[in-house]
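Colleague: okay, here's the prediction I keep looking at, along with the sequence it came from:
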Amino acid sequence: MFQRLVRTATVIAGRRGLATTTQGTSSSMAGKVASGTLAAGLAGYVAYMLFPQKAEALEAPSPPEHSHLHEKGDPEWHLNCNKISTRPDLPTFTLSDLRAHTSDETGYWVSYRGAVYDITSFISAHPGGPGRLQMAAGNDLRPFWNVYRLHYRGHIIPLLEQKFRIGTLNPTDAEEAANFEFGDAYETDPPRVTDNTPCTHKPYCGEARIDLLAESYLTPNELFYTRNHNNVPEIEEDEYELIVEGNGVKRTVFTLHDLKTKFEHIDVVSTIQCAGNRGEDYHGIGSGPSGATFLSPHWAGGAISNAKWTGVRMRDLLREAGLDVDGIHEGRVFMKNGQHLKMWAYDADETGEEYGASTYMDKIVDPNGDAIIAFKMNDRPIPRDHGFPCRAIVPGHAGARQPKWVHKLEITDNPYCVLQCLNFSPEVTFEDHLSSWPPKGKDAEYRGKIVVQEMPVQSLISQPPQNAIIGASGLESINIKGVAWSGGGSGIKRVDVSIENGENFKEANLYKPIEQKRRCEWGWTQFHKSIPLSDEIKVKLEKGEQVECILVSKAVDSSFNVQPELPRAYVNPRGTAVNHWYRVRVTLDPQIPAGVVINPAQHAAAAGRFANKPSGGSFMTPFHEGGWDNAETSKGETPEDWHHYSNKKNTATEPGIEATIDWDYYKNIKLEPHYSKAKVFVGKCSGSSGTCSSKKGSCSA
């Protein structure tokens with residue numbers, strides 16, 4: 001009966017032009033409700049709904065790479081707890097006591113449900129910056145956290161309890177401390193498609209669905225991963241200004257019109273990956289007492305995307321402001337107090353603190369560095385979520401080094417001080433070392449040396465989808481697709497894939513439709529391979545048994561750096577530069593005909609839930625929609641209460657995006673080789689040992 005229903009659904013889906021495997025679910029939630037299950041793929045959805053236990057069974061095991069790790073022995077540290085402890089041993093404070101501690105002179109206290117915490121030493125160590133914590137001082141945290149619900153993930157309260165608890169408020173004062181409204185600055189954020197799947201909503205951080213990454217070489221603007229640190233600013237084009245200032249230049253202000261009319265435009269195809277992509281893989285296996293990763297958001301894997309960017313070279317702007325960019329690049333000029341370029345953005349938190357980042361000047365002045373101020377993304381205006389009207393593109397570097405809504409470039413001798421995108425030794429823990437700043441045993445300059453700039457080699461299998469059930473009746477092979485990339489301009493030389501958890505590898509076929517310079521290979525490479533089933537797997541399937549397969553890929557870049565197999569030696573409490581094998585767990589089901597794939601990611605996106613999973617296919621601790629699906633704060637809510645879904649009306653005036661993803665548009669964008677604007681010539685052969693053949697550019701001895 002099951003096979004008959006699935007075949008029927010497949011036929012219906014085929015008649016309606018719907019895919020059951022890799023097609024996106026990019027319409028709005030309202031559209032999905034109106035079209036029922038068809039938008040998610042009838043065949044896959046019918047299979048999912050008839051046998052939900054098949055999918056649920058896939059959620060239980062821990063990822064294979066975590067199976068060897070120790071269990072945390074300290075019962076006081078938790079990864080999934082939002083309850084405070086009863087502490088009769090601690091003093092009771094009044095609301096006046098709490099509100100008397102709101103400055104550097106008095107120290108900073110906050111409360112949560114009556115528990116009082118002295119966070120003075122934590123102010124400078126807060127990953128979200130000191131301003132937001134100082135803003136909360138003297139109050140209960142709940143009104144703030146009801147906007148920033150990522151704090152309800154389950155490991156933050158135990159940290160406060162163990163490190164900062166000093167007392168308790170009486171019940172009346174406890175409620176009064178929370179008796180105020182904290183404004184929501186995110187109500188004017190742009191709409192998003194559900195395939196841009198959020199791991200936290202405020203500030204919005206959405207991953208591209210991993211199972212869609214290889215659908216097009218260029219990631220659609222609507223799908224491209226989104227990392228916002230604040231609310232999305234609303235900027236009018238005629239009011240936009242870009243300031244260039246600092247050491248070695250005269251202060252110069254450019255309008256958007258200046259950028260578009262006074263300088264040469266160049267196209268740069270570049271992949272952007274967040275420094276913390278896949279940080280969830282480290283959550284729970286760190287060296288500290290909780291083993292937690294203390295950095296938001298906890299990306300599962302989809303914080304990587306690829307686009308064609310159009311703009312003007314930063315070096316041209318600096319030259320216009322008086323900097324000898326050629327002399328610096330060629331080594332004829334050394335500017336001791338100009339080794340860094342700070343970039344400041346229009347977006348700011350509630351206290352007015354602007355987002356900023358910095359990178360090295362040698363990257364900026366290098367004519368082959370391709371660092372640009374971009375105003376187009378995939379031949380369209382840059383969407384608001386991605387920096388409208390202008391953003392920095394620093395190819396090969398972490399996403400955090402490429403600010404959106406950039407409004408100032410500053411040449412300086414000091415890098416921008418960051419707390420988030422740092423990479424520590426596994427011995428460093430957040431609880432013991434990073435809960436105050438500078439880190440215990442390190443000087444204040446330490447963080448400038450460990451900021452993630454160029455990213456390590458990475459690959460992800462996108463098809464088959466994570467936790468998919470694959471029809472195996474008549475199945476002969478598994479077709480694998482994915483993406484690979486390495487930072488710093490390193491190209492991808494090889495990708496090896498396996499359907500046996502790395503026991504045996506096959507070299508995949510590579511696809512990259514654009515020719516980029518050596519060491520300037522900013523765009524990712526896609527890979528694909530059909531791997532035949534082993535005789536052992538076939539025998540089990542013939543017996544009617546389900547077979548679980550662990551699919552892995554490992555990429556090798558042009559310097560022959562290769563992804564490590566396991567994470568343990570590279571774990572850091574910030575969850576940055578994660579690049580061990582991304583394992584995809586699938587189940588082959590002989591009761592389902594070949595060609596049918598039940599895709600949980602597709603179903604989750606259609607339901608407005610987070611669609612991606614970390615390596616191995618399951619979270620080590622409950623995800624709670626990044627803290628948003630919390631029993632206390634989300635009572636009576638549905639995902640529609642959290643999302644601002646795109647539709648034709650609300651995207652009509654939005655730059656660079658549409659209500660749904662037009663895959664054909666992105667698949668047909670023209671890509672030019674790196675020498676498309678260069679003078680091309682064919683050199684003649686010379687020398688006594690060689691003669692020119694009849695073919696242009698070839699030489700034979």
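Modeller: Nice, thanks for sending it over.
Colleague: tell me the pLDDT at the spatially most central residue of the chain?
Modeller: Residue closest to the average C-alpha location in the chain (Cα atoms, centre = their mean): Ala303, at 2.1 Å. Here the pLDDT value assigned to Ala303 is 98.
Colleague: same thing with Glu427?
Modeller: So Glu427 comes in at 88 (pLDDT).
Colleague: ok, now the one 10 residues further on?
Modeller: Taken from the predicted model, the pLDDT recorded for Trp437 is 78.
Colleague: any idea how far it lies from Thr293?
Modeller: Per Cβ to Cβ, to the nearest Å, Trp437 is found 18 Å from Thr293. All C-beta atoms are positioned from the backbone trio N, CA, C, and that covers glycine.
Colleague: now do Arg192
Modeller: Distance from Arg192 to Thr293, by Cβ to Cβ: 25 Å.
Colleague: check Tyr511 too.
Modeller: Tyr511 is 33 Å from Thr293, by Cβ to Cβ.
Colleague: coming back round to it: wait, the residue nearest to the centre of the chain sits on Arg227?
Modeller: Yes - if you go by Cβ atoms under 8 Å, Ala303 and Arg227 touch, sitting 6.6 Å apart.
Colleague: list phi and psi for Glu330.
Modeller: phi -80, psi -10 (degrees, to the nearest 10).
Colleague: burial measure for it, as a count.
Modeller: Number of residues near Glu330 (other Cβ atoms under 10 Å) recorded here: 10.
Colleague: give the contact list for it.
Modeller: In this structure, Glu330 makes contact with no residue, judged by Cβ atoms under 8 Å, 6 or more residues apart in numbering.
Colleague: that one and Asp366, how far apart?
Modeller: Glu330 sits 10 Å away from Asp366, going by Cβ to Cβ.
Colleague: follow-up on the earlier one: which one's more surrounded, Trp437 and Thr293?
Modeller: Thr293 (27 against 20).
Colleague: ok, that one - contacts?
Modeller: Gly279, Glu280, Tyr282, His283, Gly284, Gly286, Pro573, Arg574, Gly575.
Colleague: what do you get for Gln420?
Modeller: Listed by Cβ under 8 Å, 6+ apart, the contact set of Gln420 reads Pro127, Ala275, Gly276, Leu295, Ala400, Arg574.
Colleague: correct me if wrong: the second one contacts Gly399.
Modeller: Yes - here Ala275 lies in contact with Gly399, judged by Cβ under 8 Å, at a distance of 6.7 Å.
Colleague: so for those two, which sits in the more crowded spot?
Modeller: Ala275 (29 against 24).
Colleague: where does the prediction get shaky in the stretch 51-200 of the chain?
Modeller: 51-75 (pLDDT under 70).
Colleague: would you map the strands across it?
Modeller: For the stretch 51-200 of the chain, the strands defined by DSSP state E, counting those that start in this stretch cover 92-93, 102-103, 107-112, 115-118, 165-169, 196-200.
Colleague: now what about the fifth one, what contacts it?
Modeller: Judged by Cβ under 8 Å, 6+ apart, the contacts made with strand 165-169 from elsewhere in the structure are 85, 87, 90-95, 98, 109, 111, 114-118, 177.
Colleague: could you turn the buried ones of these into a PyMOL selection?
Modeller: Here is the PyMOL command that picks out the buried ones among the contacts of strand 165-169, judged by 16 or more other Cβ atoms under 10 Å:
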select buried, resi 93+95+98+109+111+114+115+116+117+118+177
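Colleague: quick check: end-to-end length of stretch 187-205?
Modeller: Using Cα to Cα, to the nearest Å, one end of stretch 187-205 lies 15 Å from the other.
Colleague: name the SS class of Ile411, please.
Modeller: When classified by DSSP: H, G, I helix; E, B strand; the rest coil, Ile411 comes out as strand.
Colleague: report how many residues lie close to it.
Modeller: Neighbours around Ile411, by other Cβ under 10 Å: 22.
Colleague: now swap in Lys540 and tell me
Modeller: 17.
Colleague: again, but for Ile657
Modeller: 26.
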